[in-house]
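Asker: one predicted model, sequence on top.
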Amino acid sequence: MSQSESWEAVDAYFAAQLAPDDEALLAALRDSEAEGLPPIAVSAPQGKLLQLLAQVQGARTILEIGTLGGYSTIWMARALPEDGRLVSLEYDPHHAEVATRNLARAGLDKIAEVRVGAALDSLPLLADENPPPFDLVFIDADKGNNPHYVEWALRLTRAGSLIVLDNVVRGGRVLDAGSTASDVLGTRAALDLIASHPRLSGTAVQTVGSKGWDGFALARVLA
Ligand code: SAH
Ligand code: DHB
Ligand code: MG
């Protein structure tokens, strides 16, 4: 077995043991594939991690930036109480339509809502509504805007909220300080912000598995 085959095999074992996809999650993946969406949702063990983080937070409200077909959305929304609320921001109207259908099939349409548009347009509109602070923010959209998304997350959260960024490693490309790739630049700028911001305490962890070599950054909002 190659190294990446081993990573995938272990991920499949962990997924089957600890994070089995049920009908609604499987349908969300199937439907996303059938509709031509790229196969870049979080893995099942990663989805379960997001769900556990939301539960540990005691989350009642979650903000997601980057919905795709709603796979990560379903994992997180299931951590919320019946009167909880998840807002997920998605640029592509087709992705949003697929996700909305997947959320309805999962019975989460009362809890989770997809808003179509560039997140940097949707975020000020959301802020204008003065929503209660979000307990968890999952940032997983166009990585070039990651520093802006972290800034918005700070405005829309409270002391104790958790901010999670996906794809901060990208097969090691994050190390390339001279990169001109927007995803690397955006992620490095977001990590700088987390490292230097007086209201954030954060770290980053590398992951291997069905999504190759990648990782998450996590930051807790301080007082
Ligand atoms: N969180 C999803 C995967 C998201 S993939 C999951 O794990 O299941 C990234 C998504 O971000 C794509 O659907 C893409 O269309 C969306 N996106 C890209 N640029 C965006 C922007 N400016 N605003 C909002 N969403 C954006
Ligand atoms: C890509 C985006 C993601 O959010 C991800 O988790 C994996 C890959 C991509 O754009 O290639
Ligand atoms: Mg991602």
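Answerer: Okay, I see it. Residues are numbered from 1 along each chain as shown. Ligands and ions are numbered 1, 2, ... in the order given.

Asker: contacts and neighbour counts: CA atoms only from here.
Answerer: Fine.

Asker: got the contact list for the nearest residue to residue 82 once chain neighbours are set aside?
Answerer: Among residues not flanking residue 82 along the chain, residue 111 sits closest, at 7.1 Å (CA to CA, 6 or more residues apart in numbering). Counting by CA atoms under 8 Å, 6 or more residues apart in numbering, residue 111 touches 77, 80, 82-86.

Asker: for the residues you listed, which one is nearest residue 136?
Answerer: Nearest to residue 136 among the contacts of residue 111, counting by CA to CA, is residue 86 at 9.5 Å.

Asker: so the closest one: helix, strand or coil?
Answerer: The three-state label given to residue 86 by DSSP: H, G, I helix; E, B strand; the rest coil is strand.

Asker: that one reaches residue 67, doesn't it?
Answerer: No: using CA atoms under 8 Å, residue 86 is not in contact with residue 67, being 11.2 Å away.

Asker: tell me the residues of this protein that contact ligand 3?
Answerer: 140, 166 (CA under 5 Å from the ion).

Asker: at 6 Å what do you get?
Answerer: Neighbours of ligand 3 within the chain, by CA under 6 Å from the ion: 42, 140, 166-167.

Asker: can you list contacts of stretch 198-210?
Answerer: With CA under 8 Å, 6+ apart, stretch 198-210 has contacts from 4, 7-12, 43, 168-169, 194-195, 213-223.

Asker: mind checking how far that stretch is from the chain centre?
Answerer: From the chain centre to the centre of stretch 198-210 is a distance of 13 Å (CA atoms, centre = their mean, to the nearest Å).

Asker: what does stretch 127-141 give?
Answerer: Distance, centroid of stretch 127-141 to centroid of chain: 12 Å (CA atoms, centre = their mean).
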